[in-house]
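Colleague: need coordinates for the following:
(chains A and B)
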Amino acid sequence: MSAPTEFEVMIFATTLVVLTLAYGLVKFAWSQPLKNGPGFFLGVEVPAGFYDGRGKLWLNGYRAALLALHLALVVALGGCFVLKRWEWMPVWCGGFALVYVPTYAALTLWMRHKLGTRPPVRAVAFSLQSRHLGDYISWPLEALSAAIVASCWWVLLRHGAKFDWLPPFQMTWSAIVLPGKIALVHSGAPLPAERTEEHYRYQDATRRNSINVLNSWGWLMVVTLCIFPLRQFVSPMKSLSLIWIFLAVFTAVFVYMMFLIFRGQKLATTMGRDLYPSGNFATPYRSSSWMGTMSRPYLVWFAIWFGGILALILYSQFR
Amino acid sequence: MFLTLEANDKRPIYQQIADGIKSLIAGGSLREGMTLPSVRQVAGDLGVNLNTVAVAYRQLQDEGFVTVRHGAGAVIAPRAPRSIDKAELLKPLQTVLTQLILSGLTSREIEEAVRRELAHLQQTRSSNGEKGGAQ
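Modeller: Below is the predicted model:
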């Protein structure tokens, strides 16, 4: 067995991404407006019979926009292949996130705004149960992750050989997800006074799932970082098996992360079916928040972290 | 365990929080040694200012219902017998009774309401006592 070429690795990674994207589109994004049942469109309460009339137009418009967005991304990906510019693939991945996330969010917000979301003010409840970081974050695993990252850098710096600092730095930056997890533990949203326990369990389940997704992303990056110091030591003979081992581990962690994301989506759909959707619940002290439990500290962290990843990708392309 | 704040309650938020916690202590749902969530958590969950929750907790501390320990947060204090000025304690009751009479409620209706509330409180206390005993 020979070592996979850069082209083959890119094909493999792209296939993984495209398959995931297609599954997410068909399984979740396509029917997202209907996930709270026929009484809602994207979490906004709509009158009875909405889907017999203008609701059909809204749904078709949403789906057309979603398809156009995916088509644009596929065309960009096809461009990379046709022009054989493999070095653009990381830019495509970053660009994909940069284009997809804000466009989808803007589309959702615009539709919600047009449908006129003015949820009634309801009585509000809050839990008297303390949320401790230790209940959500495994400190031994955090320590292990930090130790692996530190060891990788120690090996890279001590080895003496010249190495390109940028790729391992990109991986290290991407692996720093602990502040996001801490922000998620502290984030919460008001609970309605009716069926409070169910709303609380739903909120906690989505919080835990988001933390698990961040966890697996962090490990994906740590696994990728490990390849840089290992490459310094392993002879070309052994590097072949190393590449295959790396690909297997990377794929396993990636598949696990996607499993968590899709399981979380399914869980949220199942648990939240009959509950008040995020953004359709206003309290006397807080307007409705479409973002659910994602607090301002979490969004600030995400903006800095994600902005850093994009900046590093751009820097690596144009330095 | 949850604390519900009504949408049309005219009391300040900090007062609603403090009164709600006192009611849970009176009902036996919150017992000595139990820890309340941090000020940051409650403020974040409710979407109110940190100071609002801090004022509620300070009031509970001043009245001896909770003790605030650095690092441990607000803990429900033991219900030590206090030297109680009964006349002082009954003042809020007089205010409420005056309001109810001015609202047009009859003495019988008020008596029934008070009896019902007391029975509810007693029931909550005994059911929480049973739970505590079972644990």
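Colleague: what comes up buried for the longest helix seen in chain B?
Modeller: Of all segments of type helix in chain B, defined using DSSP state H, the longest is helix B:107-134. Judged by neighbour count (16 or more other Cβ atoms under 10 Å in any protein chain shown), helix B:107-134 contains these buried residues: B:124, B:128. In this view, the C-beta of every residue, glycine as well, is placed from N, C-alpha and C.
Colleague: any idea how far it is from the chain center?
Modeller: When distances are taken as Cα atoms, centre = their mean, to the nearest Å, helix B:107-134 is centred 14 Å away from the chain's centroid.
Colleague: likewise stretch A:140-151?
Modeller: Averaging C-alpha positions (Cα atoms, centre = their mean) puts stretch A:140-151 22 Å from its chain's average.
Colleague: so, low pLDDT: which residues of chain A?
Modeller: A:1-3, A:6, A:90, A:117-119, A:160-161, A:234-240, A:278-282, A:285-294 (pLDDT under 70).
Colleague: quick check: residues of it near chain B?
Modeller: For chain A, the residues in contact with chain B under the definition Cβ under 8 Å from any Cβ of the partner chain are A:121-131, A:186-191, A:193, A:196-197, A:200, A:283-286, A:289, A:295.
Colleague: go with 10 Å
Modeller: A:120-132, A:185-194, A:196-197, A:199-200, A:203, A:282-287, A:289, A:293, A:295-297 (Cβ under 10 Å from any Cβ of the partner chain).
Colleague: quick check: PyMOL command selecting the buried ones in these.
Modeller: What follows is the PyMOL syntax for the buried subset of the residues of chain A next to chain B, where burial is set by 16+ other Cβ under 10 Å:
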select buried, chain A and resi 121+122+123+124+125+126+127+128+131+185+186+187+188+189+190+191+192+193+196+199+200+203+282+283+284+285+286+289+293+295+297
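Colleague: count of neighbours near the residue of chain B found nearest chain A?
Modeller: At 2.9 Å from chain A, residue B:47 is the closest residue in chain B, using Cβ to the nearest Cβ. Using other Cβ atoms under 10 Å in any protein chain shown, the number of residues around residue B:47 comes to 19.
Colleague: doesn't residue A:187 make contact with it?
Modeller: No. Under the criterion of Cβ atoms under 10 Å, residue B:47 is not in contact with residue A:187, lying 11.1 Å apart.
Colleague: name the residues contacting each of those two.
Modeller: residue A:295 (Cβ atoms under 10 Å, 6 or more residues apart in numbering or on different chains).
Colleague: have a look at chain A and report its longest strand.
Modeller: Of all segments of type strand in chain A, defined using DSSP state E, the longest is strand A:124-127.
Colleague: where do the strands of the stretch 201-319 of chain A begin and end?
Modeller: Along the stretch 201-319 of chain A, counting by DSSP state E, counting those that start in this stretch, no stretch forms strands.
Colleague: remind me what the helix or strand bottoming out on mean pLDDT in chain B packs against, helices and strands.
Modeller: Across the helices and strands of chain B, mean pLDDT, DSSP states H and E gives its lowest value to helix B:107-134, namely a mean of 78. Secondary-structure packing of helix B:107-134 (3 or more Cβ pairs under 10 Å, 6 or more residues apart in numbering or on different chains; DSSP states H and E): helix B:13-26, helix B:86-102.
Colleague: sounds good, over and out.
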